[in-house]
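Novice: I'll drop the sequence and a predicted model, then ask my questions.
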Amino acid sequence: MSSSSPTVPTARLRESLDVQQLHLGVELITAPLRFVSFWAAVALPFLYLPLLYGGLEGQQVLVFGLLVVVNVVALVLGHDYGQ
């Protein structure tokens, strides 16, 4: 007869459940972030048009640059959406 402790398998099961809960929690956070980022990456280029049409002067250059940076970040974060 084995004299192993019944708490060892229980501890492993509890650790496995904790890891699964962590993965579920991460997925619950990242899924909406991917969704929003994907659609932001699709929609943001439409904001370039008025800026480029009117010409970039003064403060508009900074706005255009920030818009491009935000669009690149949205592209990176939303890249895996729908896969």
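Specialist: Sure thing, it's come through.

Novice: what's the single longest helix in this protein?
Specialist: helix 7-43 (DSSP state H).

Novice: State the mean pLDDT of it.
Specialist: Summarised as a single mean, pLDDT over helix 7-43 is 82.

Novice: Return the set of buried residues in it.
Specialist: Neighbour counts using 16 or more other Cβ atoms under 10 Å place R34, S37, F38, A40, A41 of helix 7-43 among the buried residues. Glycine gets a C-beta too; all of them are placed from N, C-alpha and C.

Novice: before we move on, what about stretch 76-83?
Specialist: Using 16+ other Cβ under 10 Å as the test for burial, stretch 76-83 gives L77, G78, Y81.

Novice: which ones are touching the last one?
Specialist: Contact criterion Cβ atoms under 8 Å, 6 or more residues apart in numbering gives R34, F35, S37, F38 as the residues in contact with Y81.

Novice: before we move on, back to that, and the buried residues of helix 7-43, which is closest to Q20?
Specialist: For the buried residues of helix 7-43, the closest approach to Q20 (Cβ to Cβ) belongs to R34, at 20.4 Å.

Novice: okay, now P50: neighbour count?
Specialist: By the criterion of other Cβ atoms under 10 Å, P50 has 9 neighbours.
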